[in-house]
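J.: Got a predicted structure plus its sequence, pasted below:
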Amino acid sequence: MKPIPQHTLAWLLFIAAIPAPVLKVDAADWAPMESPLMTRWAKHVSPQNALLEYPRPQLVRDRWANLNGLWEYAIAGFDDSQPAEWNGEILVPFAIESALSGVGKSVQPNQTLWYRRNFERPKLSSGERLLLHFGAVDWQAQVWVNGHFVGEHRGCFDSFSFDITHALTTGDSQEIVVRVWDPTDTGDQPRGKQVLKPGGIFYTAVTGIWQTVWLEPVPAARVQSLKITPDIDNSSVNVNVDATTNERVTIEVLDKGKSIAKADGQNGQSITLTIPASKLWSPDSPHLYDLKVSLASGDEVSSYLGMRKIEARRDDAGMPRMFLNNQPLFQYGPLDQGWWPDGLYTAPTDEALKFDIAITRELGFNMARKHTKVEPARWYYWADRLGLLVWQDMPTLMARGQAHHVGVGQEQDANLTAQARMQFHTELRAMIDGLRNHPSIVVWVPFNEGWGQHHTNEVLQWTKQYDSTRLIDGPSGWQDRDWGDLKDMHNYPGPGMFPVMEDRVSVLGEFGGLGLPLEGHLWQADRNWGYRTLKTREELATGYQRLTMQLHRLIGKGLAAAVYTQTTDVEIEVNGLLTYDREIVKIDPQQLKQWHAALYESPPVETTIVPTSEHKPQTWRYSTTPPTENWFAADFDDSNWKSAPGGFGTEITPNTSVRTNWSTPDIWIRRTFTLDEPKTDAGQWLLSLYHDEDAEIFINGIEAARVTDYTVGYITIPISQAAAKSLHSGENVIAIHCHQTGGGQYIDAGLLRVEPAHQSTSACSSPSS
């Protein structure tokens, strides 16, 4: 597919119609505000080149004008009219709180933010209209042109437009004024992770224009939108054209500039085109076809499409899986927040926007979950081009101080007002309408972790009915209501999964969260946060490898997808695989790619050698008083220790099988087991372990593993090579010491043997970059 026309070409085509915008401010006076952290792309940002790329890559016309650049701004009271005096200049499209706006100020819910700029009137042909487009404005935007009110829009994430032809004056200079009000987390509108007092997993508020503003001259009879639905089973694509007039439509599909299909039809009707020998879109091969749509009266737009199919059904082994293009594919990717230290919601450049997707693919992921945010259209364009599957969240609705949160085990959904429900539905529909043609998007995620979770199954079922071509995630994490294509567990650090079900696919929507603050790349110097905070890159690599090893085993048990938290650090949250400034990948990229590649191969064959007490009690010897120094030796005499069934702990500890109470700070446990001839091939010995908190594990007197902190379920970790070599036919000994400091406590362990699979499984496919 040819690249979308860039700004240079667009201006050459349009310069006669709309001269370069004029604003009476000196661009030389602009500079970004100081920020705790900036990305490498920030130095390329200026009033002359602020995100000049074509903003709507799936409905392209040649003539357009970019209005990004310096605008005047003012912060005023909620009830104030248009300001008589302006505070200064702001660089659009960066939110006023961001460094790249050149302002760096917050706007409170009892205030309003005003914008003003001038542009020169274009020369419009007879019957032509002039549209003013906003990529996104957070939250309520009211717009005037030359003093005439042209419209209002409410919503943070969807694009909107106004026909401003009637408001144009006969003079050259035209004025745009925008008033914005944003309640942030004091209101009950979808707002993602923005809060007025950021901390932990919630981030700095964003107010006002945060995506490209642009002008477009169009004929009165014009294409307004396209609905593109591929049908790979019949090698065809269905296209529905929405135009302002009822007339003949011609649609043409091209492959690398060569016409391969063409059909005529009527506006508003589904037009089917056969694509011979269809080249399917996938992470392995993200092939895109060009699309041209023209009306009989003359309007013409270009777009693109990808031939792909997503569905949930059983594989050859009878396990529910996610199928891409009629083949089962394990989907694995990071939780992608989409925040930037210099631009907040807005990437500093298109290159930066592309980088996040490119690095995700380079690290061996085939998917990303776009978390409680909707990105500019060009983010999805790059996902389409680079072959990244996308799970798209609906941004969170949750007002501070309101009962908008559904906790684990809570039977009742959140009680929202009728107005809040209507706004949520309006923005959900707008999100789907705006993104439905992107082949990269394969899953809609209407709710996350009970945040604003209301009328759960009604919303999920409506989403499926509105777009039956994609999968619907049941609430991602926490309180499931027994509906949705996917049943989604959140488990930190995990991993974990729901048991295989008859009619739903088991997925892991969030896990991991291993945090590592790296000096020189932090939003603040101290008091950073992670689900698990580690001290060195070596610790992080070891911990991450262990998680992927456990994940591979779960795939064999029916896990169909997993999402690791997260792509980058965000503000004080340091769970990222990359630092917030995108300068450092915290784990060696080649090592990550190697570990991830293993996940798309056949899951290993697992044999339990020494069972845990998770499902059936196992007898151990134990002591809660300090034993002699050689307590872990194979020949230690433990006959004076008590004998009891595992696991050992307290009932308050989650996901445990407590059969013997242990509430003291320390416990020592030992157990013997018998082996036939130990295997010495390519297999691996693993501990199955639940520890809360620190534990040291010995096999035959040799240290097998040492762990710190705690888990919230059983994990697997490899034993040391020395411990593996100590295993012998006959009687062997496991000895464990666990130390507890507070809260829940639990210890239990078993031993597994994992062998490489000898044949491929239908559960996986490699996502070669």
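T.: It's in.

J.: switch to C-alpha atoms for all contacts and neighbour counts from now on
T.: OK.

J.: tell me the average confidence for the lengthiest helix in the chain?
T.: In the chain, taking DSSP state H as the definition, the longest helix is helix 537-556. Summarised as a single mean, pLDDT over helix 537-556 is 93.

J.: pull the CA atoms of whichever helix or strand comes after that helix into PDB?
T.: Later in the chain than helix 537-556, the nearest helix or strand by DSSP states H and E is strand 561-565. Output of strand 561-565 as PDB, limited to C-alpha atoms (Å, rounded to 0.1, in the frame of the first residue of the first chain):
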ATOM      1  CA  ALA A 561      -4.200 -14.700  25.300                       C
ATOM      2  CA  ALA A 562      -2.300 -12.700  27.900                       C
ATOM      3  CA  VAL A 563      -1.600  -9.000  28.500                       C
ATOM      4  CA  TYR A 564       1.600  -8.000  30.400                       C
ATOM      5  CA  THR A 565       1.600  -4.700  32.400                       C
END
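
J.: For the helix or strand immediately after strand 561-565 in the chain, which helices and strands make contact with it?
T.: As assigned by DSSP H and E, the chain's next helix or strand after strand 561-565 is helix 589-599. If you count contacts as 3 or more Cα pairs under 8 Å, 6 or more residues apart in numbering; DSSP states H and E, helix 589-599 packs onto helix 537-556.

J.: Could you pull out the buried residues of the helix it packs on?
T.: 537, 540-541, 543-556 (16 or more other Cα atoms under 10 Å).

J.: quick one on the thing from earlier: for the longest helix of the chain, the distance to its chain's centre please.
T.: The chain centre lies 20 Å from the centre of helix 537-556; the measure is Cα atoms, centre = their mean, to the nearest Å.

J.: Now do it against helix 589-599, angle only.
T.: Orientation of helix 537-556 against helix 589-599 (axes from the mean of the first three to the mean of the last three Cα atoms, to 10 degrees) gives an angle of 10 degrees.

J.: Please enumerate residues in contact with helix 537-556?
T.: 330, 494-497, 512, 514-516, 534, 586-587, 595-596, 598-599, 602-604, 606, 715-718, 763 (Cα atoms under 8 Å, 6 or more residues apart in numbering).

J.: how about the helices of this protein, start to end?
T.: Under the criterion DSSP H, the chain contains helices at 7-14, 350-362, 377-386, 418-435, 456-466, 537-556, 589-599, 721-726.

J.: can you give me the strands for the stretch 151-300 of the chain?
T.: Secondary structure of the stretch 151-300 of the chain, counting by DSSP state E, counting those that start in this stretch: strands at 160-163, 173-181, 194-195, 203-204, 208-209, 213-218, 223-231, 236-243, 248-255, 258-266, 270-274, 289-295, 300-305.

J.: elements contacting the last one?
T.: Read it as strand 300-305. strand 223-231, strand 289-295.

J.: Can you give me the buried ones in stretch 737-755?
T.: By neighbour count on 16+ other Cα under 10 Å, the buried set for stretch 737-755 is 737-740, 744-755.

J.: Show me where this structure dips below the pLDDT cut-off.
T.: 1-28, 401-403, 679-682, 758-769 (pLDDT under 70).

J.: which residue ranges form the strands in the stretch 401-550 of the chain?
T.: Counting by DSSP E, counting those that start in this stretch, the strands of the stretch 401-550 of the chain are 441-445, 471-472, 486-491, 505-512, 514-515, 532-533.

J.: contacts for the fifth one?
T.: Read that as strand 514-515. Contacts of strand 514-515 (Cα under 8 Å, 6+ apart): 493, 529-534, 540, 543-544, 565, 573-576.

J.: Show me what that strand pairs with in its sheet, parallel or antiparallel.
T.: The strands beside strand 514-515 in its sheet (DSSP bridges) come out as strand 532-533 (parallel).

J.: what about the strand it pairs with, distance to the chain center?
T.: On Cα atoms, centre = their mean, the centre of strand 532-533 falls 21 Å from that of its chain.

J.: what does it contact?
T.: Strand 532-533 is contacted from outside by 493, 513, 514, 515, 516, using Cα under 8 Å, 6+ apart.

J.: can you tell me which two in the residues you listed are farthest apart?
T.: Within the contacts of strand 532-533, 493 and 516 form the most distant pair, 13.9 Å apart (Cα to Cα).

J.: With neighbour numbers in mind, choose between these two.
T.: Per other Cα atoms under 10 Å, whichever of residue 493 and residue 516 has more neighbours is residue 516, with 26 against 23.

J.: Spit out the contact partners of the residue lying closest to that one once chain neighbours are set aside.
T.: Leaving aside its chain neighbours, residue 516 sits nearest to residue 534 (5.3 Å; criterion: Cα to Cα, 6 or more residues apart in numbering). By Cα under 8 Å, 6+ apart, the residues touching residue 534 are 514, 515, 516, 540.

J.: Leaving out sequence neighbours, find the closest residue to residue 748.
T.: That would be residue 647: by Cα to Cα, 6+ apart, it lies 5.1 Å from residue 748.

J.: Need phi/psi at the one you found.
T.: phi -80, psi 170 (degrees, to the nearest 10).

J.: Contact partners for it?
T.: Residues near residue 647 by Cα under 8 Å, 6+ apart: 613, 614, 617, 618, 656, 657, 658, 659, 660, 746, 747, 748.

J.: Can you tell me which of the contacts of strand 514-515 is nearest residue 474?
T.: Residue 474 lies nearest to residue 565 out of those, by Cα to Cα, at 18.9 Å.

J.: The closest one and residue 337: what is the separation?
T.: Plainly put, residue 565 is 9 Å away from residue 337 if you go by Cα to Cα, to the nearest Å.

J.: again with residue 107
T.: From residue 107 over to residue 337 the distance is 22 Å, taken as Cα to Cα.

J.: cool, and residue 569?
T.: 9 Å.

J.: Please identify which of these two sits among more neighbours.
T.: Legend: neighbour count by other Cα under 10 Å for residue 569 and residue 337, higher for residue 569 (29 against 23).

J.: any idea how far residue 537 is from the more buried one?
T.: Using Cα to Cα, residue 569 is found at 14 Å from residue 537.

J.: Show me what residue 344 bridges to in the sheet.
T.: For residue 344, the beta-bridge partners under DSSP bridges are residue 340.

J.: just checking, it touches residue 95?
T.: Yes. Applying Cα atoms under 8 Å, one finds residue 344 in contact with residue 95, separated by 7.5 Å.

J.: Overlap of the contact sets of the two?
T.: residue 206.

J.: These two - which one has more neighbours?
T.: Shown here are residue 344 and residue 95; by other Cα under 10 Å, residue 95 has more neighbours (29 against 24).

J.: How many neighbouring residues does residue 677 have?
T.: Residues near residue 677, counting by other Cα under 10 Å, number 10.

J.: Nearest residue to residue 441 in space, please, no chain neighbours.
T.: Nearest to residue 441 is residue 390, by Cα to Cα, 6+ apart, at 4.5 Å.

J.: Identify the bridge partners of the one you found.
T.: Residue 390 has the following beta-bridge partners by DSSP bridges: residue 368, residue 441.

J.: mind listing what it touches?
T.: Residue 390 neighbours (Cα under 8 Å, 6+ apart): 367, 368, 369, 370, 383, 440, 441, 442, 443.
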